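K.L.:
attaching a predicted model along with its sequence, questions to come.
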Amino acid sequence: MPYNVFVLGFDEHNQRVLEDLPDADQYRFHPLLTIDELQHGEDIPLRALLEKAQMQLENFDEPVDAIIGFWDFPVSTMVPILCKRHGGLPGANLESVVKCEHKYWSRLEQQKVIDAYPRFGLIDLEHDTSPPQGVGFPMWVKPVKSFSSDLAFGVANIDEFRDALEQIREGIWRVGEPFDILLEHLELPPAIADAGGQSCVAEESATGRQLTVEGYRYQGRTHVYGVVDSVTHDDNPSFVRFQYPAAVPDRVSDEMADISARILNQVELDNTTFNIEFFWDEGTDNLSVLEVNPRHSQSHAELFEQVDGASNHRTMVLLALGLDPGTPHRAGPYPVAAKWFLRRWEDGVVRRHPTDDEIATVERDLDGVTIDVIAHEGDRLSELGDQDSYSYKIANIYIGGEDDCDLRVKFEQCAERLLFEFDE
């Protein structure tokens, strides 16, 4: 019988990726709440969401074999709670997940085992008007919990710092309040209990290439299966594309893998996928950890599928079943792949988005191309979820190619042929 796998925050895009797994016939994937319910409402009613998900699992009249989720908060933290409640299904424990996701707690754990992190400090939004002592400009100011770089600001002076705090104060409640509720499930060390879920961290800005290590933890051992290049625009931190595999020396990949293993051993993360973001300064050869995520990146799923022959979703599914997944390597149809972001730099209302027929024609004409439109007719860009603080994604374009030039040419053709229109 196929395994019954419940997917928290099921959406059409990830459904297609799961159904394309080489062993997809071994699973039946069931939706467990929608991503709109979980992330896109005016608020995030964590308690109600947990109860609704638990009731759906209890009312299922067959065995529940696994619970998975690809998204950031609240999905990433609801999965371990639901796994524990539903008979102790395989998965990471909640405390280890939160040690990664609470940005201040994560830094405190990192500094116990590595040196590759920026100077950082906690900000009390109610009282602080200046950066923490010892943290210099330029710096990043961000809530201890957010997702998709929302409310994260790069600041170069005290005026920008105070302006960033003002914007964060206005919006931090949306994620911070449910994150405070989540923290009630744990026995917190005093420093984290005092910080709570609605404070901020300031971190000195790191420089260099942004790289992401992807891997998984199984029975206490770290396995790295790939390094992804995260390319940003020259004049702001919005992403141009994610590209796999990253062209970095083996010694750099090995050092990132070693740092990753030390962090994950410290926080005792196990039985889950992970991704850890780094900056690599090619001039000094220094590495700096940006962020530790106790899940793999769904944004990279097609990249691994196109290059290695199976998406990283397969790894998550097998771990959730209590199995050592292993990983395929370079068994896909393309040597390189990238997720490109089609962006608009000003707010607006979508008057027209590409039709299904137009998208199908582009995908048919350009091999290795899959298009996922984000902004649809009637949408106001500033009200869409999963956006950063500097621009608006209107489409994700997944491309497999022979080399960097092939990827770029295909993206430019997509950008030219995908017709969007906006009202200011």
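P.N.:
Arrived safely, thanks for sending. Numbering: from 1, shown residues only.
K.L.:
quick one, what contacts the residue nearest to the spatial centre of the chain?
P.N.:
The structure's the chain has its C-alpha centroid closest to Ser297; by CA atoms, centre = their mean the separation is 5.0 Å. For Ser297, the contacting residues are Thr212, Glu214, Val228, Phe242, Asn275, Asn312, taking CB atoms under 8 Å, 6 or more residues apart in numbering as the criterion. In short, each C-beta sits where N, CA and C put it, glycine included.
K.L.:
which of the residues you listed fall in strands?
P.N.:
Among these, the ones falling in strands (DSSP state E) are Thr212, Glu214, Val228, Phe242, Asn275.
K.L.:
just checking, the fourth one touches Thr232?
P.N.:
No - the pair formed by Phe242 and Thr232 falls short of the contact definition of CB atoms under 8 Å, at 10.6 Å.
K.L.:
could you check which of these two has the larger neighbour count?
P.N.:
Higher neighbour count among Phe242 and Thr232: Phe242, with 24 against 14, using other CB atoms under 10 Å.
K.L.:
just give the nearest non-adjacent residue to the more buried one, would you?
P.N.:
Lys339 (4.6 Å; CB to CB, 6 or more residues apart in numbering).
K.L.:
and the one you found, backbone torsions?
P.N.:
When quoted as degrees, to the nearest 10, the phi and psi of Lys339 stand at phi -100, psi 110.
K.L.:
what about the helices in the stretch 201-350 of the chain?
P.N.:
In the stretch 201-350 of the chain, helices defined by DSSP state H, counting those that start in this stretch lie at 250-267, 301-308, 313-320, listed in chain order.
K.L.:
other SSEs contacting the second one?
P.N.:
By that I understand helix 301-308. Of the remaining helices and strands, those touching helix 301-308 by 3 or more CB pairs under 8 Å, 6 or more residues apart in numbering; DSSP states H and E are helix 12-19, strand 221-232, strand 239-244, strand 336-344, strand 392-401.
K.L.:
swap the cut-off to 7 Å and go again
P.N.:
Secondary-structure packing of helix 301-308 (3 or more CB pairs under 7 Å, 6 or more residues apart in numbering; DSSP states H and E): strand 239-244, strand 336-344.
K.L.:
same check, this time on the longest one
P.N.:
Packed against helix 250-267 by the contact rule (3+ CB pairs under 7 Å, 6+ apart) you find helix 94-101, helix 103-110, strand 209-218, strand 221-232, strand 272-281, strand 286-293.
K.L.:
format these as a markdown table; extra columns: mean pLDDT and distance to Thr327.
P.N.:
Formatted as a markdown table, the entries for the helices and strands packed on helix 250-267 read as follows, by pLDDT from 0 to 100; distance: least, CB to CB, whole Å:
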| stretch | mean pLDDT | distance to Thr327 |
| --- | --- | --- |
| helix 94-101 | 98 | 21 |
| helix 103-110 | 98 | 25 |
| strand 209-218 | 97 | 8 |
| strand 221-232 | 96 | 4 |
| strand 272-281 | 97 | 10 |
| strand 286-293 | 97 | 18 |
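K.L.:
of those, which is nearest Glu402?
P.N.:
Nearest to Glu402 among these is strand 221-232 (16.7 Å), distances taken as CB to CB.
K.L.:
the ones in strands among the contacts of Ser297 into a markdown table, with extra columns for distance to Gly283?
P.N.:
Rendered in a markdown table, the data for the ones in strands among the contacts of Ser297 read as follows (distance: CB to CB, whole Å):
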| residue | distance to Gly283 |
| --- | --- |
| Thr212 | 21 |
| Glu214 | 25 |
| Val228 | 22 |
| Phe242 | 23 |
| Asn275 | 25 |
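K.L.:
any chance of the helices and strands packed on helix 250-267 in a markdown table with distance to Asp11 as columns?
P.N.:
Output for these, formatted as a markdown table (distance: least, CB to CB, whole Å):
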| stretch | distance to Asp11 |
| --- | --- |
| helix 94-101 | 21 |
| helix 103-110 | 26 |
| strand 209-218 | 21 |
| strand 221-232 | 21 |
| strand 272-281 | 18 |
| strand 286-293 | 19 |
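K.L.:
of all these, which one is nearest Asp423?
P.N.:
strand 221-232 (28.6 Å).
K.L.:
what's next to that closest one, contact-wise?
P.N.:
By CB atoms under 7 Å, 6 or more residues apart in numbering, the residues outside strand 221-232 that reach it are 209-216, 238-246, 248, 253, 256-257, 260-261, 264, 300, 303-304, 327.
K.L.:
also stretch 20-39?
P.N.:
Identification of contacts with stretch 20-39 by CB under 7 Å, 6+ apart yields 2-11, 15, 18, 49, 52-53, 56, 67, 71, 74-75, 305, 310-311, 313-314, 317, 385.
K.L.:
next one: stretch 410-421
P.N.:
Residues outside stretch 410-421 that contact it (CB under 7 Å, 6+ apart) are 340, 342, 350-354, 358, 362, 366, 369, 371, 375, 394-395, 397, 399, 401.
K.L.:
change it to 8 Å
P.N.:
Contacts of stretch 410-421 from elsewhere in the structure, counted by CB under 8 Å, 6+ apart, are 241, 338, 340, 342, 344, 350-354, 358-359, 362, 366, 368-369, 371, 373, 375, 394-395, 397, 399, 401.
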